[in-house]
Structure formats: structure tokens, C-alpha cells
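S.K.: please work out how this folds:
(one chain, ligands or ions: 1)
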Amino acid sequence: MVRAACDSVIYHSAIFKQRSSAVRSTLTLILALLSLAGCTVNPVTGQSEFALIGDEAVIQQGVAAYAPLQQQGGGLYTVDPAVTEYVQGITMRLTEVSDAPLDYDIVVLNDSTPNAWALPGGKLAVNRGLLLALENEAELAAVIGHEIIHAAARHGGRRTNRNLVLQGLIMFADVASEESEFRDQLMGGAGTAAQAISQGYSRSDEMMADEYGMEYMRRAGYDPAAAVALQEKFVELSGDHRSNLLERLFASHPPSRDRVRRNRETLARLGSGGEIGQTRYEKALEYLRAKQPAYKAFDRGTQLLAAGEYDAAFASARRAISLEPKEARFYGLMGEIHLARGQFRDAHLSFDSALKRDDAFYLYYLGRGHAYAGLGQQTNARNDFQRSGELLPNSDASSGLGRLALAAGDVAEAKSRFRQAVQLGGDNGEAAQAFLRLDIADAPGTYIQTVGSVSPSNGAVIGLISNRTDLAIADVVIEFRAFRDGRQITRQVRIPKLAAKGRVSIQSGWTFSEQSPIGNLNVRAVAASVD
Ligand SMILES: [Zn+2]
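M.R.: Numbers count the residues shown, from 1 in each chain. Got it, this is the predicted structure:
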């Protein structure tokens with residue numbers, strides 16, 4: 001049992017090898033982690049099983065990832081704190097009967113997608129959108145019970161290990177990676193680490209979370225029949241093409257007829273009956289439900305902004321604000337629209353309004369940073385980009401800091417920030433180009449491949465020069481070095497322009513002959529710049 005489970009090491013490392021083009025140092029780090037691997041006892045089932053790293057380390061990773069993942073998930077829903085307190089109360093009722101003594105915590109995220117997630121260490125989150133999709137307290141208890149099992153049985157530990165390892169990598173890559181490794185990564189098409197994130201739970205994890213989640217519901221006094229009803233509803237919705245919003249939930253917790261059938265069996269064993277909590281739920285959600293049109297307008301405005309329809313987006317943002325003036329996100333959207341239009345003064349005011357209502361969401365600092373940068377207030381811009389990056393490391397903030405450093409003449413800092421931006425992923429190529437521009441002067445040999453050769457027809461000593469980058473390179477200086485008659489000779493040849501991915505052959509002006517042989521020929525690029 002234990003041994004078979006531990007064999008999954010091979011499976012994991014095979015996955016990582018496939019992705020090894022992402023970052024070479026990934027493999028080193030993962031190998032280091034694998035050496036920490038051991039078998040631990042699952043607190044829910046009591047069975048031994050493989051865990052990628054020891055409990056304490058997994059729990060610490062979960063705890064450390066909690067805050068940035070909340071940011072990534074839309075930040076906290078703060079307008080009606082009573083909703084969060086209500087959800088926390090139900091969670092406490094369930095964790096009090098749970099098998100794993102963890103420091104449980106749950107937050108309500110400000111996102112309309114009906115989703116919920118769990119991290120090792122008992123760190124849970126439920127989206128505003130899921131609360132609105134549920135009908136009673138027992139259904140919510142079913143969702144939370146299910147997530148508690150993922151956290152307590154360390155499903156999260158196994159699933160998020162890949163995520164967390166990669167995210168940890170992203171955060172530490174700047175310190176750990178060698179400059180040259182990063183350049184290789186840049187040449188091979190950067191930013192793959194972030195793509196490796198987010199795989200769903202396994203089928204057996206889902207079954208187990210359902211089964212024990214219902215058991216916890218039973219123990220806490222809720223009717224486990226609500227879990228079956230909820231699953232049935234999800235199966236129905238998942239077949240409905242209109243319910244795109246539910247995709248994310250289904251991606252990590254795929255519903256199926258099979259699951260419904262298994263849950264019915266569990267229900268038959270546990271017996272139905274218990275609290276449903278319909279009225280309580282309706283009362284707790286009353287305010288949020290009343291404000292749902294405001295969030296619909298906000299979601300619509302966000303889509304319109306992405307589509308470049310600024311006027312319509314602006315109308316949606318205004319409508320959202322008129323329906324719910326307390327929601328910071330709505331002012332944030334307005335700020336984004338102003339930014340997209342280059343209206344930096346208005347953008348600044350909107351992000352200020354957002355921050356007045358919620359000063360703990362990275363997007364508002366990021367947006368205000370852009371506004372300050374547009375207004376030429378560089379110190380303020382730097383502070384805001386920094387704060388944004390502290391809340392959630394993101395390529396946009398890093399790029400912003402890179403541009404500010406460059407404007408201030410600090411090339412080393414600029415390079416480090418652009419590199420960070422590329423490594424964080426989500427860069428549209430601008431940061432990669434900016435890095436390349438700065439780096440090519442320092443390390444032209446990395447980007448320009450050179451091969452020395454002697455023409456067999458006439459003995460001319462030539463260099464075959466190729467540009468490995470997607471950028472046109474200018475003012476390339478190629479240096480030829482060799483030995484003739486026991487003395488070193490050198491010559492430099494300038495190439496005014498080298499097209500993207502272009503190749504040329506250049507003459508050194510030297511000729512090789514039997515009477516006058518040349519030895520130890522070495523050709524390299526010693527200078528270059530990007531137009
Ligand atoms: Zn699940």
C-alpha cells in the first residue's frame with residue numbers, strides 16, 4: 001500500500017521533465033523536494049500514503065500561499081462583513097467535528113464565479129458567486145465540508161504541490177537562478193512556469209471529499225441529503241452550455257452521475273434528516289442578493305473594457321456604483337477604463353476612491369501606480385507598484401518598476417525588474433524585450449551565435465554569424481582572434497544591421513595558407529545593441 005503509493009514519485013517527476021523547458025532550475029528544486037518525500041498518515045482515513053513533502057512543510061506552503069491566492073481570486077468581499085462571519089460560523093461548526101486539528105480559516109472572495117477552494121493547513125475560500133448559487137445553509141455546509149476534507153486529507157497538499165512549488169519558484173527564481181539560465185529560458189520562449197498551474201483533483205479525491213464531507217455534515221447536525229441535491233444540481237448545470245461561469249468550479253471538482261450515485265449510497269448509510277437552514281441562509285444572503293444587479297453590471301463592464309468598448313464599459317461601471325456605492329471594485333473598474341483612455345488624472349481619483357473603501361487589494365495600487373507614472377509622479381508610482389507587488393507578485397508591477405528604474409538611469413535594477421516580470425508570467429513580451437535591450441550590450445555572445453571557418457576554395461577566414469533573437473540587432477562588433485607565427489592576432493569587423501533570426505557570413509580579411517597557417521581561431525561578438 002505504502003510502497004505503491006510512493007511509486008507516484010516517478011509519475012510526478014515525469015510530469016516535471018516534460019515541462020523542463022520551463023526552467024532548468026525547476027528540476028533541481030523539485031529533485032531537492034523529492035528527496036524530502038515520505039509517507040505520511042492521512043488523518044481522515046487513517047491510511048498511510050505518499051506525500052510529496054512532510055506535513056509541516058506542506059502546511060506552511062498552504063499558509064504562505066493563502067494571502068496571494070486571495071488576491072489572485074479577486075480579493076476579499078468586504079462590503080457586508082456579516083456574510084463572512086456567517087460563513088465562518090458554519091465552517092467552525094464543521095471543523096469542530098473534523099479529524100484533523102488544523103488552524104482552519106475561511107474567507108469570502110469578491111468574485112462572481114461559483115467556486116470554492118482549499119489549501120493545506122485548513123485555509124479555505126468561497127466565492128461570492130458560489131454563495132449566490134446555493135439555496136440553503138446545508139448546501140453551503142456540503143461545499144465547505146467537501147473542501148475541509150480536501151484540506152485535511154492533504155488532497156490540497158498533493159494537488160497544490162505542483163502549484164506551490166512553481167509559485168515558490170516564481171517568487172524565488174530571481175534570487176536563485178543564474179543569469180545565464182534565465183537567458184536560455186528567454187531564448188526558448190519564456191514564462192511557462194505559470195502555465196503549469198491548476199490541475200483538478202483526482203476522481204478518488206473527489207469521491208472521498210464527498211463521502212467524508214457528508215459524514216461531517218451528519219456529525220454537525222446538517223442533513224447530508226443536501227449534498228446529494230447539490231451534486232444533482234451541478235450535474236444538470238454542467239450539461240447546460242449557458243452556465244459557462246460554472247466551468248471553473250467543475251474544472252477542479254468535476255460533477256458526474258457516478259458521484260451522485262456514490263453520494264446516494266453514502267446517504268443511505270448515514271440516513272437523511274437534519275438541519276437545512278433555509279430561512280437562516282436567505283436572511284444571511286439578503287443584502288448580497290439585493291446587490292446582485294450591481295455585480296452583474298460590474299462583470300459586464302469588465303468584459304466590455306476587455307473588448308475595448310470604453311463608453312459602454314464606463315456606463316456599466318457607473319450603473320454598478322449607483323447600485324452599490326460601497327463596493328471598491330466598481331471604482332477600480334472605472335480607474336481601469338480611465339487608464340485605458342490615457343486619462344491619468346481621473347484614473348488617479350478613481351483608484352483613490354477604491355483604496356478609500358478597501359486598501360488591501362493589489363489591483364488598486366497597480367492602477368494608481370500607472371496613473372502616477374502617466375502623471376510623471378515617479379516616486380508615488382514606485383511606491384504603488386511596490387505595494388502591489390507585495391500583495392501579489394505580478395509582472396505588470398515588476399515591469400512598471402523596471403521602466404521607472406530605467407528612467408532613473410539604474411540599468412542593473414531595471415534588468416532585475418524586467419527579468420522578474422518575465423519570470424512571473426503574463427508578460428505580453430514587453431518586459432522580455434526591455435530586458436533583452438539592456439542585456440544585449442552586456443552579453444552579446446548570448447544572443448549572437450558565431451562560428452569561425454576557413455573557406456576551402458580560397459582559404460579565406462570567415463565568421464558565420466546568426467542572430468538568435470526575434471529582434472533586429474544593430475552595431476554588432478565581431479572579433480576574430482587567432483595565432484599566426486606564434487603571435488596572437490586580432491581583428492574586429494562591424495555589422496551595421498542583423499535582422500531578427502538573421503544569418504550572415506563575414507570576412508576577417510585573413511587568408512589561411514600552408515605557408516602561413518593560422519591556429520586557435522576564435523570568433524565572438526563583443527558588442528551589439530537593439531535599435
Ligand atoms: Zn473537490
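
S.K.: domain ranges for this structure?
M.R.: What the record gives for the chain is the domain set 42-47+59-172+189-284, 291-372, 444-530, from automatic domain parsing.

S.K.: pipe those into TSV and attach mean neighbour count per row.
M.R.: For every residue, glycine as well, the C-beta is placed using N, CA and C. Formatted as TSV, those follow (neighbours: other Cβ atoms under 10 Å):
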stretch	mean neighbour count
domain 42-47+59-172+189-284	20
domain 291-372	20
domain 444-530	15
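
S.K.: so which of those gets nearest Phe435?
M.R.: When the domains of the chain are compared by Cβ to Cβ, domain 42-47+59-172+189-284 sits nearest Phe435, at 9.3 Å.

S.K.: quick check: mean pLDDT across the closest one?
M.R.: Computed over domain 42-47+59-172+189-284, the mean pLDDT rounds to 80.

S.K.: still on that earlier bit, of the domains of the chain, which is nearest the ion?
M.R.: Closest approach to the ion among those (Cβ to the ion): domain 42-47+59-172+189-284, 3.5 Å.

S.K.: pull the distance from the closest one to the chain's centre.
M.R.: On the basis of Cα atoms, centre = their mean, to the nearest Å, domain 42-47+59-172+189-284 is displaced by 20 Å from the centre of the chain it belongs to.

S.K.: about what we covered before: which of the domains of the chain sits closest to Glu413?
M.R.: domain 291-372 (16.1 Å).

S.K.: show me what the helix or strand harbouring Arg419 packs onto, helices and strands only.
M.R.: Here Arg419, judged by DSSP states H and E, is contained in helix 411-424. Identification of packing neighbours for helix 411-424 by 3 or more Cβ pairs under 8 Å, 6 or more residues apart in numbering; DSSP states H and E yields helix 155-176, helix 179-187, helix 395-407, helix 430-442.

S.K.: again, 6 Å this time
M.R.: helix 155-176, helix 395-407, helix 430-442 (3 or more Cβ pairs under 6 Å, 6 or more residues apart in numbering; DSSP states H and E).

S.K.: gap between it and the chain center?
M.R.: Worked out by Cα atoms, centre = their mean, helix 411-424 lies 17 Å from the chain centre.

S.K.: what pLDDT, on average, does that helix get?
M.R.: For helix 411-424, the mean pLDDT works out to 91.

S.K.: strands of the stretch 151-300 of the chain, residue ranges please.
M.R.: Using DSSP state E, counting those that start in this stretch, no strands are found in the stretch 151-300 of the chain.

S.K.: which of the residues in stretch 375-385 are buried?
M.R.: Buried residues in stretch 375-385, counted by 16 or more other Cβ atoms under 10 Å: Gln377, Asn380, Ala381, Arg382, Asp384, Phe385.

S.K.: now these in CSV, with pLDDT and secondary structure?
M.R.: CSV is the format used below for the buried residues of stretch 375-385 (pLDDT from 0 to 100; DSSP: H, G, I helix; E, B strand; the rest coil):
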residue, pLDDT, secondary structure
Gln377, 97, coil
Asn380, 98, helix
Ala381, 98, helix
Arg382, 98, helix
Asp384, 98, helix
Phe385, 98, helix
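
S.K.: ok, so of those, who is nearest the ion?
M.R.: Phe385 (36.3 Å).

S.K.: so that closest one sits right up against Leu401, yeah?
M.R.: Yes: between Phe385 and Leu401 there is a contact at 4.9 Å, judged by Cβ atoms under 6 Å.

S.K.: report the contact partners of His480.
M.R.: Not His; residue 480 is Phe. Arg491, Ser508, Val523 (Cβ atoms under 6 Å, 6 or more residues apart in numbering).

S.K.: repeat the analysis, applying 7 Å as the threshold.
M.R.: Residues counted as contacts of Phe480 (Cβ atoms under 7 Å, 6 or more residues apart in numbering) are Val461, Gly463, Thr490, Arg491, Ser508, Val523.

S.K.: confirm it sits in a strand?
M.R.: Yes: under DSSP: H, G, I helix; E, B strand; the rest coil, Phe480 sits within a strand.

S.K.: bridging residues for it?
M.R.: Arg491, Val523 (DSSP bridges).

S.K.: what's the distance between it and Ile473?
M.R.: Per Cβ to Cβ, to the nearest Å, Phe480 is found 19 Å from Ile473.

S.K.: Leu237 too?
M.R.: Leu237 is 54 Å from Ile473, by Cβ to Cβ.

S.K.: any idea which element the residue of the chain positioned farthest from its centre lies in?
M.R.: What lies farthest from the middle of the chain is Gln515; by Cα atoms, centre = their mean that is 63.5 Å. Under DSSP H and E, no helix or strand contains Gln515.

S.K.: ditto for Leu363
M.R.: helix 362-374.

S.K.: output the contacting helices and strands for that helix.
M.R.: helix 328-340, helix 344-357, helix 378-391, helix 395-407 (3 or more Cβ pairs under 7 Å, 6 or more residues apart in numbering; DSSP states H and E).

S.K.: what mean pLDDT does the first one get?
M.R.: Right, the one you point to is helix 328-340. 98.

S.K.: and that helix, what does it pack against?
M.R.: Looks like helix 328-340 contacts helix 292-306, helix 310-323, helix 344-357, helix 362-374 (3+ Cβ pairs under 7 Å, 6+ apart).

S.K.: swap in the second one?
M.R.: Contacts defined by 3+ Cβ pairs under 7 Å, 6+ apart place helix 344-357 against helix 328-340, helix 362-374.

S.K.: so how far is that helix off the chain centroid?
M.R.: How far helix 344-357 lies from its chain's middle: 26 Å, per Cα atoms, centre = their mean.

S.K.: okay, angle between it and helix 310-323 too, please.
M.R.: Orientation of helix 344-357 against helix 310-323 (axes from the mean of the first three to the mean of the last three Cα atoms, to 10 degrees) gives an angle of 30 degrees.

S.K.: residues touching the residue nearest to Ala151 when sequence neighbours are not counted, list them.
M.R.: In space, and not counting its chain neighbours, Ala151 is closest to Ala118: 4.0 Å by Cβ to Cβ, 6 or more residues apart in numbering. Counting by Cβ under 7 Å, 6+ apart, Ala118 touches Leu124, Glu147, His150, Ala151, Gly156.

S.K.: repeat for Met207
M.R.: Met207 neighbours (Cβ under 7 Å, 6+ apart): Arg259, Arg262.
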